[in-house]
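>>> Next comes the sequence, and after it the predicted model I'd like to discuss.
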Amino acid sequence: MSEKICDVKDCGKESYQTVPADLAGKVFTIDSKLTKVHLCREHYKKYKKETKKEREVRRADWV
């Protein structure tokens, strides 16, 4: 099985987590128009910090 790599432009590190592309696109330059993107550990950490409020709002809709 091939290992996934980070979908952020100019990053070739191993994938750590998969996240929704619409939120990740607000933080990073993504190479393609996918529904989900793979992020390395460093980019995932930045993604969590930058999209914290938006993710909280999305979770509030579930209740």
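Perfect, thanks for sending it.
>>> Next one: Ser15 from Glu50, what distance?
19 Å (Cβ to Cβ, to the nearest Å). For the C-beta atoms, the positions are set from N, CA and C on the backbone; glycine is no exception.
>>> ignore the last one, Glu42
In terms of Cβ to Cβ, Glu42 sits 13 Å off from Glu50.
>>> Also Leu34?
Using Cβ to Cβ, we find Leu34 at a distance of 19 Å from Glu50.
>>> how many neighbours does the closest residue to Thr35 other than its chain neighbours have?
Among residues not flanking Thr35 along the chain, Ala21 sits closest, at 5.6 Å (Cβ to Cβ, 6 or more residues apart in numbering). Using other Cβ atoms under 10 Å, Ala21 has 17 neighbouring residues.
>>> what's near enough to touch Ala21?
Counting by Cβ atoms under 8 Å, 6 or more residues apart in numbering, Ala21 touches 30, 33-37.
>>> would TSV of those with distance to Arg59, pLDDT and secondary structure be doable?
Shown next, in TSV, are the contacts of Ala21 (distance: Cβ to Cβ, whole Å; pLDDT from 0 to 100; DSSP: H, G, I helix; E, B strand; the rest coil):
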residue	distance to Arg59	pLDDT	secondary structure
Ile30	23	84	strand
Lys33	25	76	coil
Leu34	22	83	coil
Thr35	19	90	coil
Lys36	17	93	strand
Val37	20	93	strand
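>>> count of neighbours near Glu54?
Using other Cβ under 10 Å, Glu54 has 12 neighbouring residues.
>>> which stretch of helix or strand covers it?
For Glu54, the host element (DSSP states H and E) is helix 52-60.
>>> That helix packs against which elements?
helix 21-27 (3 or more Cβ pairs under 8 Å, 6 or more residues apart in numbering; DSSP states H and E).
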